[in-house]
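In: Based on what follows, work out the 3D shape:
(one chain, ligands or ions: 1)
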Amino acid sequence: MSTVERQAWDVVVVGAGGAGLRAAIEAREQGLRTAVVCKSLFGKAHTVMAEGGIAAAMGNVNAGDGWRVHFRDTLRGGKFLNHWRMAELHAREAPERVWELETWGALFDRTADGRISQRNFGGHEYPRLAHVGDRTGLELIRTLQQRVVALQQEDERETGDHEARLKVFQECTVTRVLKADGAGPADPVAGVFCYRRESGTFFVLDAPAVVLATGGIGKSFKVTSNSWEYTGDGHALALLAGAPLVNMEFVQFHPTGMVWPPSVKGILVTESVRGDGGVLRNSEHRRFMFDYIPDVFRSQYASDEAEADRWYDDPDHNRRPPELLPRDEVARAINAEVKAGRGSPHGGVFLDIASRRSPAEIIRRLPSMHHQFKQLADVDITKEPMEVGPTCHYVMGGVDVDPDTAAATGVPGLFAAGEVAGGMHGSNRLGGNSLSDLLVFGRRAGLHAGRYAAASAGAARPVAGAAQIDAAAAEAVRPFQPPEAGAEPPENPYAVHQDLQQVMNDLVGIIRREPEMSSALAHLAGLRRRAARAVVEGHRQYNPGWHLALDLRNMLLVSECVALAARERTESRGGHTREDHPGMDRAWRRVNLLCSLRGNGEDSGDGAVGAEVPGARDVGTGGSGGEEAGQVRLTRRELPAIRADLLALFDDEELAKYLTDEEVKDR
Ligand code: FAD
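Out: You can find the predicted model right below:
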């Protein structure tokens, strides 16, 4: 019988980045008792690292901007694979969310006439990113934390306990979403199982509503801008609870990560450098992006340097510089230049702002970049170009959610928002659209999780039985058990992680081919067997090796989803480039690939079963390429047709590049 400590809450939010905090604030504002759990220190999340800004069509710098233009840019960036309703809600509501931040105390940079300033970014037609120098995420998190504290002070005055209705459990990891006992994939959520990273002690938060807001998956790749927490936990928690993931083949490689020195390889160089005038050059000093403007974007981008340079001062009469193409295009172009032998000394290309802006302007607009290069690479970006190359940055794929409520498909009581949710960005996210996404959908997730929890008050709340909690505890302590005599030797979790990162980087990276992805799936099966033997020494008190051993389950699950979906999609679109299928195929435009855990008679090995996805057609599992049967099942689902008034925002010529002849005819 389990003796694990239990506490009852109305809503549990997993993650304290922008999405998690915005969700928690919304749920608490409805009067619901809300717990926030975060793996890292409170305030340390990816959101805090966001540099460039929040995309919101406020029209402060160019009055031509508006939500419809933002919607159009977002669909173009995602190559029309975005869920149209998410893109619509996002574009409509983002300005309100930014103004709301201001009323909560955020101090944005200003225009000359005192309005929130907005900067240019790749794929955005107008200057649209509200920002605070290149430290926007820090201000966003600071403001949301301040709001959390204000609500806690209210509770202190009212109840004498500042944590009565909003409590943060920092440095705690959730390892399982618990379900009401019944063991079916569609059973409602009953809470979460957690451990304290410092002491290693277990606890359960019982709650009828759980919001996943755990961010990305970058730590499955070797070169990444992501920090240690981003091991795909929320993605895996959803799968294990029975909710499918969508669009997992789409992983964004940001074009500009640091490439030198090796210890900092992958650290992000913000797109604001290009938004503020920086240009990309190869070893021959050529501004090569003009050679890489794809046909679908040719009419919107400058064809020579003179026009591109005029655009910064007169955007209404000139076309944009190609350095500001969507990220997938720029990343592929850099990759091609390096491959063609025109790269920089350390395997990247040059990003030059020094010859384009005065030192004072660079230091004022890009203080963090100036500091970062000086400290980490001994490069003064006011005098010399930076060396940059692609780095794994963001996952477009995530938990399949209802656009309006952020409810996860198939699991009552489970919600997801922010980077862990899928659908919003289609095949490629535009810069700045993540911070706005997490505010818009974080709020919606908190609102609807709150309503769901309130509706379950009074009624018998779902409860996870002791057996489920004992199983979660046993799973968590497994890495302390040495293999039995005669069994295969134990594995070091760090070695397994390193090999996983290498496999994903080499075989499922920026340019993909069928045999390599099949090979990746075979490697992943082997790594899964090794991870099951990963053993750690010592105790549960702060033990990073143990934490990593637990995170491996999640990274392996999401990596399999990425490889399986990427092998299935035989076209190139956004963050998914197939060398063996280089073109974008209009027939694939309406296809979503969904990943769920194998189930319904196919034991995935961990007792969990995947839910049936309404309207989805089975494609198969990771076993179909000769490799060992995997844990993930893939299904195809048709994307809903885009509403007619939204389609009317595009001209026929453009639509014909994305939609099938039949779709264009029927509209
Ligand atoms: P995060 O902010 O990533 O927070 C996730 C939270 O979940 C953390 O608190 C973490 O501790 C917690 N967590 C994870 N797993 C668990 C678990 N198992 N148990 C408990 N807690 C858990 N986007 C933009 O729009 N504009 C930008 O300028 C921009 N710049 C960026 C710069 C960098 C360097 C990076 C890495 C990203 C940038 N992005 C930007 C992307 C954006 O920052 C992220 O996509 C976004 O912040 C994700 O927010 P989130 O709330 O979904 O998750």
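
In: Tell me where the longest strand sits in this protein.
Out: Counting by DSSP state E, the longest strand found in the chain is strand 386-395.

In: for that one, packing partners?
Out: strand 251-258, helix 327-339, strand 349-352, helix 367-377 (3 or more Cβ pairs under 8 Å, 6 or more residues apart in numbering; DSSP states H and E). Every residue, glycine included, has its C-beta placed from N, CA and C.

In: quick one, which of these is nearest to the ligand?
Out: strand 251-258 (8.1 Å; Cβ to the nearest ligand atom).

In: Next SSE downstream of the lowest-mean-pLDDT helix or strand in the chain?
Out: Of all helical and strand segments in the chain, the minimum by mean pLDDT, DSSP states H and E falls on strand 616-621, at a mean of 66. Counting by DSSP states H and E, the next helix or strand C-terminal to strand 616-621 is strand 632-638.

In: and that next one, what does it pack onto?
Out: For strand 632-638, the helices and strands in contact under the criterion 3+ Cβ pairs under 8 Å, 6+ apart are helix 544-568, strand 591-597, strand 616-621.

In: and that strand, average pLDDT?
Out: Rounded to a whole number, the mean pLDDT of strand 632-638 is 96.

In: I'd guessed residue 511 sits against residue 581; true?
Out: No: checked against Cβ atoms under 8 Å, the pair residue 511 and residue 581 is beyond contact range at 11.5 Å.

In: What is the burial count for residue 650?
Out: Under the neighbour criterion other Cβ atoms under 10 Å, residue 650 is assigned a count of 19.

In: and what of residue 453?
Out: Counted with other Cβ under 10 Å, residue 453 comes out at 24.

In: Also residue 174?
Out: 25.

In: If it is in a bridge, with which residues?
Out: Counting by DSSP bridges, residue 174 is bridged to residue 194.

In: swap in the one 4 residues further on?
Out: Following DSSP bridges, residue 178 is listed with bridge partners residue 191.

In: Residue 129 now?
Out: residue 55, residue 119.

In: ok, it touching residue 57?
Out: No: taking contacts as Cβ under 8 Å, residue 129 lies outside contact range of residue 57: 10.7 Å.

In: follow-up on the earlier one: need the CA coordinates for the longest strand of the chain. CSV is fine.
Out: C-alpha atoms of strand 386-395 as CSV (Å, rounded to 0.1, in the frame of the first residue of the first chain):
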residue,chain,number,x,y,z
MET,A,386,29.8,36.2,-36.0
GLU,A,387,30.2,32.6,-37.2
VAL,A,388,26.8,30.9,-37.1
GLY,A,389,25.1,27.7,-38.2
PRO,A,390,21.8,25.8,-37.8
THR,A,391,20.8,24.5,-34.3
CYS,A,392,17.8,22.5,-33.1
HIS,A,393,15.5,25.1,-31.6
TYR,A,394,11.8,24.3,-31.5
VAL,A,395,9.4,21.5,-32.0
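
In: Mind checking the pLDDT average for stretch 330-343?
Out: In this model, stretch 330-343 has an average pLDDT of 92.

In: what are the C-alpha coordinates of it, in CSV please?
Out: Once non-C-alpha atoms are left out, stretch 330-343 reads as follows in CSV (Å, rounded to 0.1, in the frame of the first residue of the first chain):
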residue,chain,number,x,y,z
VAL,A,330,17.5,30.3,-44.1
ALA,A,331,18.7,27.1,-42.3
ARG,A,332,18.7,25.1,-45.5
ALA,A,333,20.5,27.8,-47.4
ILE,A,334,23.3,27.9,-44.7
ASN,A,335,23.5,24.2,-44.8
ALA,A,336,23.9,24.2,-48.6
GLU,A,337,26.6,26.9,-48.5
VAL,A,338,28.6,24.9,-45.9
LYS,A,339,28.2,21.7,-47.9
ALA,A,340,29.4,23.5,-51.0
GLY,A,341,32.6,24.4,-49.3
ARG,A,342,31.8,28.1,-48.8
GLY,A,343,31.5,28.0,-45.1
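
In: what about residue 24, helix or strand, and which?
Out: In the assignment (DSSP H and E), residue 24 maps to helix 18-29.
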